[in-house]
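In: Please find the sequence and the predicted model below.
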Amino acid sequence: MQCELSVGELVEKYEVSFAAISKHLKVLEKADLIRKRKEGKRYMVALAPEALEEADKYLEQYRQMWESRYSKLDALLKQGE
């Protein structure tokens, strides 16, 4: 089962203002990285794991590219020593 917290519970867990938490959640929601639903007067928030997996796959391509470039640069620098 997926963990779900209210916005208020998130504010209690971190030393950040309600406004700051709310602002961050709006950005994450817009990026479809979280799901937000209303339950009575509270808003409940949960991660969207499928979106996070997709983002991870996308970023992995760049991580591999930069690691390759840094390895090549490192080899060139060692040749000059």
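Out: Sure, I can see it.
In: Where does Ile21 fall, secondary structure wise?
Out: Counting by DSSP states H and E, the element that carries Ile21 is helix 18-30.
In: Which elements pack onto that helix?
Out: For helix 18-30, the elements it packs on are helix 7-13, strand 34-39, judged by 3 or more CB pairs under 8 Å, 6 or more residues apart in numbering; DSSP states H and E. Where C-beta positions appear, they are placed from N, C-alpha and C, glycine not excepted.
In: Let me see the mean pLDDT of the shortest one.
Out: Rounded to a whole number, the mean pLDDT of strand 34-39 is 93.
In: what do you get for stretch 11-20?
Out: Averaged over stretch 11-20, pLDDT sits at 91.
In: So which residues make contact with it?
Out: Applying CB atoms under 8 Å, 6 or more residues apart in numbering, the contact partners of stretch 11-20 are 5, 7-8, 21.
In: 7 Å instead?
Out: By CB atoms under 7 Å, 6 or more residues apart in numbering, the residues outside stretch 11-20 that reach it are Ile21.
In: Out of the helices and strands packed on helix 18-30, which gets nearest to Lys72?
Out: In terms of CB to CB, the element of the helices and strands packed on helix 18-30 nearest to Lys72 is strand 34-39, at 37.7 Å.
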